[in-house]
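Participant: coords below, sequence missing:
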Ligand SMILES: Cc1cc2nc3c(=O)[nH]c(=O)nc-3n(C[C@H](O)[C@H](O)[C@H](O)COP(=O)(O)OP(=O)(O)OC[C@H]3O[C@@H](n4cnc5c(N)ncnc54)[C@H](O)[C@@H]3O)c2cc1C
C-alpha cells in the first residue's frame, strides 16, 4: 500500500509544514544537520538503509499525550531517545486540549480529595458489559491500563503537572494550567488546558537531554528484512532532506489519530465526508501517517464503526474547533468556543437545505441523537436559525470576525433570509411559524423537543442564519497492541521492537488522552528494557 499524501482540505503535508511551520523547521534543520551522528553497522542486513543519519536506543514518533510520557519514561529507564515531531512545537492535540484526563486508579490526588478509587474499581467500571463500547477493550490491555493509572497520575505530578483538585473524581481528574500554557488552551481565563501537562513534560524531556527533532516527519518504519524482522528505525523527512534514524532498541509510534485521512476515517464511518475537518486542525494535521507506516510494516487497523460514540462536534459559524488561523485562544463562532449547548437550544432551531427542521435541537450525542440526524442531511447543510432577541440575550455576535465570512447571514424578513441562504422561502417561513406555535403550546409534536426548551419564540427581526459545520473529533480503534504496548501484526504476533500508544493504538476503547499517557509510559519503559539490536 502506498502512503497517502493528501490531508483534509487537499493540502499536502509539505504545504502544512511549509506554511504553518516554516520558521521552526529552519531551526530544526540546522540542528539536525549539525548533530548527525556517524553511521553505524550500515547496510548489513536486508531492510537496512545504506546509511543511518542518527541513532538512539529508542525513537519516539509524536510528542503529544502518548509521546511525552513514552519519551520521559524511556529516558528515565536509561535509554537514549530521539523524539521525532513533524510540527514545530511539542504537544500535538494534547497541547490544545481542554485538559480533562479520565484517569483514576487511586492516585495520590484522588486520595487527597477523599475519592475512593483503585485499579480494581477502574477495571470493573470499564468492563461493565452493559456499556456497549466496553466490549471492545482487550481485557489484558485494559488491566495494564488500570494497574498503571493511579501511579501514572502520581508520576505526572512528580514531573510538574498540577492537578486541579476540585475536579478530582473517580476515573477522572482535571489538571491546572501552568504558566504560559494557556496560550494554547481555550482562553486566558480557563483553568484547564492540556498545556498544563505538556509544558512540564517538555521541560522535563529537555532537562534530560532528549534529542527533540521538530519539523521532522516520519514517513516509513524500517524493519529488518523488509516486512519480517525487528523494527530498527524510521525514515523521516526534514525540509528537503530524507534521513534514516536508527533505533537500537525500539520504535514507539505515538503519532495520534488519523481523523484527517479521508480514506482511513471513512473506513470507520462512511458518513465522514471529504470536506469535514477534524478538531484541532490546522494546528494539528492528523494525516494518519503513523497508522499507514505500521500497516505497511505488517500491522493492521482494528476497530469497528463508532456508531455509539461521540466522535463529532458541531461548530456554529466556523469550520474550526479551537485554534483557527489568526485566533490565538479559540476558534471563532457563536457561543463559547463556537459551540452551543444546554439552554442555548431553547433559542434556536436547525433547518436543512429544504428550510425545514429535521431534529430535536436539544438531542444528545448518543446513538440516534443529534449527529445521526445531522449527518443524514444532504451536503451536511445545517442552518441555526434565531432572532435578534436571542442574539442580544446571549451576547451572540453573528458577524466576522466572531464568525467566519459567509457562514452567517441576517435579514429583516424571513423571505430575505431564505434567499440569502438559498432555502425555499415558504418552507422557512412555515417552519418558523409552526415552531412558534409549538412554543405557545409547550409541545413539539414533530421532534419532541423537551418542554423546558420550548420557551422562546423566534419572532424579533432581524433574523439570523448561522451555518453549522460538523467535525470529526475522535477516531476509535487503531493498531492492535498487547499489555506492554507492543504492536501486533496481521497474524496477531508481536512485531519485535515496535510499540504504539495513544490514538494510533487500539485495543482500548477509550477516547482522548488517558490511553496515551498511561500506555505511552508503559511503552517507554518496555522499549527501554529491550536488548540492543545492532
Ligand atoms: C480541541 C481538542 C480538545 C480536546 N480535549 C480533550 C480533553 O479535555 N481530554 C482528553 O482526554 N482529550 C481531549 N482531546 C483529545 C486529545 O487531545 C487526544 O486524544 C490526545 O492528545 C491524543 O494523544 P496522542 O499522543 O495519541 O496524539 P497527539 O497528542 O495529537 O500527538 C500526536 C503527535 O504526533 C505528531 N505526528 C503525527 N504524525 C507524525 C509523523 N508522521 N511524524 C512525526 N510526528 C508525527 C503530531 O504532530 C502530534 O504532535 C481534545 C482534542 C482536541 C483537538
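Facilitator: Arrived safely, thanks for sending. Owing to the predicted nature of the structure, the values given are computational and were not obtained by experimental measurement. Numbering: from 1, shown residues only.
Participant: Just grab the bridge partners of residue 245 for me.
Facilitator: residue 54, residue 234 (DSSP bridges).
Participant: wait, it sits on residue 233?
Facilitator: Yes. With contact defined as Cβ atoms under 8 Å, residue 245 reaches residue 233; the gap is 5.4 Å. Every C-beta, even on glycine, is put in place using the N, C-alpha and C of the backbone.
Participant: and for these two, which residues touch both?
Facilitator: Listed as contacting both residue 245 and residue 233 by Cβ atoms under 8 Å, 6 or more residues apart in numbering are 52, 55, 59.
Participant: can I get these in a markdown table with pLDDT and distance to residue 446?
Facilitator: Listed next are the shared contacts of residue 245 and residue 233 as a markdown table, based on pLDDT from 0 to 100; distance: Cβ to Cβ, whole Å:
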| residue | pLDDT | distance to residue 446 |
| --- | --- | --- |
| 52 | 96 | 66 |
| 55 | 97 | 65 |
| 59 | 98 | 57 |
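Participant: Residue 150 - how many residues pack around it?
Facilitator: Using other Cβ atoms under 10 Å as the criterion, residue 150 is surrounded by 23 other residues.
Participant: Residue 460 too?
Facilitator: 14.
Participant: And it, what's its pLDDT?
Facilitator: Looking at residue 460, its pLDDT is 98.
Participant: Just give me the closest of the shared contacts of residue 245 and residue 233 to the ligand.
Facilitator: Lowest distance from the ligand to the shared contacts of residue 245 and residue 233 (Cβ to the nearest ligand atom) belongs to residue 59, with 10.2 Å.
Participant: That closest one: what's it in contact with?
Facilitator: For residue 59, the contacting residues are 81, 82, 83, 84, 233, 234, 245, 247, 250, 251, 252, by Cβ under 8 Å, 6+ apart.
Participant: Please report how far the fifth one lies from residue 194.
Facilitator: If I follow you right, that is residue 233. Residue 233 sits 30 Å away from residue 194, going by Cβ to Cβ, to the nearest Å.
Participant: and if you look at the first one?
Facilitator: Counting by Cβ to Cβ, the separation of residue 81 from residue 194 is 21 Å.
Participant: and if you look at residue 240?
Facilitator: 32 Å.
Participant: which parts of the stretch 401-534 of the chain sit against the ligand?
Facilitator: Residues of the stretch 401-534 of the chain found near the ligand (Cβ under 6 Å from any ligand atom) are 502, 503, 504, 512, 513, 514, 516.
Participant: Whichever strand or helix holds residue 142 close to the ligand?
Facilitator: Residue 142 is located in helix 139-158, with elements delineated by DSSP states H and E. No. Helix 139-158 does not reach the ligand (Cβ under 6 Å from any ligand atom); its nearest approach is 13.0 Å.
Participant: Grab the nearest non-local neighbour of residue 373.
Facilitator: Spatially, and ignoring its direct neighbours in sequence, residue 373 is nearest to residue 359 (3.9 Å; Cβ to Cβ, 6 or more residues apart in numbering).
Participant: thinking again about what came up before, from the residues of the stretch 401-534 of the chain next to the ligand, which one has the minimum pLDDT?
Facilitator: For those, the weakest pLDDT value sits at residue 512, with 89.
Participant: Against residue 519, how distant is the nearest residue to that residue once chain neighbours are set aside?
Facilitator: Counting by Cβ to Cβ, 6+ apart, residue 512 lies nearest to residue 102, which is 6.7 Å off, once chain neighbours are set aside. According to Cβ to Cβ, residue 102 stands 14 Å off from residue 519.
Participant: got it, and residue 157?
Facilitator: The gap separating residue 157 from residue 519 is 19 Å, by Cβ to Cβ.
Participant: again, but for residue 502
Facilitator: Look at residue 502 and residue 519: by Cβ to Cβ, they are 7 Å apart.
Participant: again with residue 391
Facilitator: As defined by Cβ to Cβ, residue 391 lies at a distance of 45 Å from residue 519.
Participant: Looking at those two, which one has more neighbours?
Facilitator: Taking neighbours as other Cβ under 10 Å, residue 391 and residue 519 compare with residue 519 leading, 32 against 20.
Participant: Go ahead and confirm that one touches residue 146.
Facilitator: No. Under the criterion of Cβ under 8 Å, residue 519 is not in contact with residue 146, lying 11.5 Å apart.
Participant: can you pull the contacts of residue 360?
Facilitator: Residue 360 makes contact with 370, 444, 447, 448, 449, 450, according to Cβ under 8 Å, 6+ apart.
Participant: My reading is that it is in a strand; is that accurate?
Facilitator: No. The assignment for residue 360 by DSSP: H, G, I helix; E, B strand; the rest coil gives coil, which leaves it out of any strand.
Participant: what about the residue lying closest to it once chain neighbours are set aside, how many residues close to it?
Facilitator: Nearest residue to residue 360, sequence neighbours excluded (Cβ to Cβ, 6+ apart): residue 447, at 4.1 Å. Neighbourhood size, residue 447 [other Cβ under 10 Å]: 17.
Participant: Residue 207 now?
Facilitator: By the criterion of other Cβ under 10 Å, residue 207 has 11 neighbours.
Participant: for it, phi and psi?
Facilitator: Backbone geometry at residue 207, expressed as degrees, to the nearest 10, gives phi -60, psi -30.
Participant: Residues of the chain that sit close to the ligand?
Facilitator: 61-67, 84-87, 92-94, 96-101, 194, 217-218, 254-256, 279-280, 284, 289-290, 321-322, 502-504, 512-514, 516.
Participant: out of those, which are inside strands?
Facilitator: Judged by DSSP state E, the residues of the chain next to the ligand include 61, 84, 100, 101, 217, 218 as members of strands.
Participant: quick one: least confident of those residues?
Facilitator: Note: of these, the lowest pLDDT belongs to residue 100, at 80.
Participant: didn't that one look like it was pressed against residue 512?
Facilitator: Yes. Under the criterion of Cβ under 8 Å, residue 100 makes contact with residue 512 at 7.4 Å.
Participant: more crowded one of those two?
Facilitator: residue 512 (21 against 17).
Participant: among the ones in strands among the residues of the chain next to the ligand, who's most crowded?
Facilitator: Ranking those using other Cβ under 10 Å puts residue 61 first, with 31 neighbours.
Participant: how far away is the closest residue in space to that residue that isn't next to it in sequence from residue 249?
Facilitator: Leaving aside its chain neighbours, residue 61 sits nearest to residue 218 (4.5 Å; criterion: Cβ to Cβ, 6+ apart). Using Cβ to Cβ, one gets 17 Å for the distance from residue 218 to residue 249.
Participant: And residue 528, by the same measure?
Facilitator: Counting by Cβ to Cβ, the separation of residue 528 from residue 249 is 7 Å.
Participant: Comparing these two, which residue is more hemmed in?
Facilitator: Using other Cβ under 10 Å as the criterion, residue 528 and residue 249 rank with residue 249 on top: 25 against 22.
Participant: Please identify the helix or strand for the more buried one.
Facilitator: Going by DSSP H and E, residue 249 is in strand 241-253.
Participant: pLDDT on that strand, on average?
Facilitator: What strand 241-253 shows for mean pLDDT is 98.
Participant: Okay, buried residues for it please.
Facilitator: Using 16 or more other Cβ atoms under 10 Å as the test for burial, strand 241-253 gives 243, 244, 245, 246, 247, 248, 249, 250, 251, 252, 253.
Participant: what bridges to the residue nearest to residue 398 when sequence neighbours are not counted?
Facilitator: The spatially closest residue to residue 398, leaving aside those adjacent along the chain, is residue 408, at 4.1 Å (Cβ to Cβ, 6+ apart). On the basis of DSSP bridges, residue 408 is bridged to residue 466.
Participant: ok, how many other residues are close to residue 408?
Facilitator: Residues lying near residue 408 (other Cβ under 10 Å) number 27.
Participant: residues in contact with it?
Facilitator: By Cβ under 8 Å, 6+ apart, the contact set of residue 408 is 317, 334, 398, 399, 464, 465, 466, 467.
Participant: And the pLDDT at the closest residue to the first one other than its chain neighbours?
Facilitator: By the measure of Cβ to Cβ, 6+ apart, the closest residue to residue 317 outside its immediate chain neighbours is residue 403, 3.0 Å from it. As summarised for this prediction, residue 403 has a pLDDT of 88.
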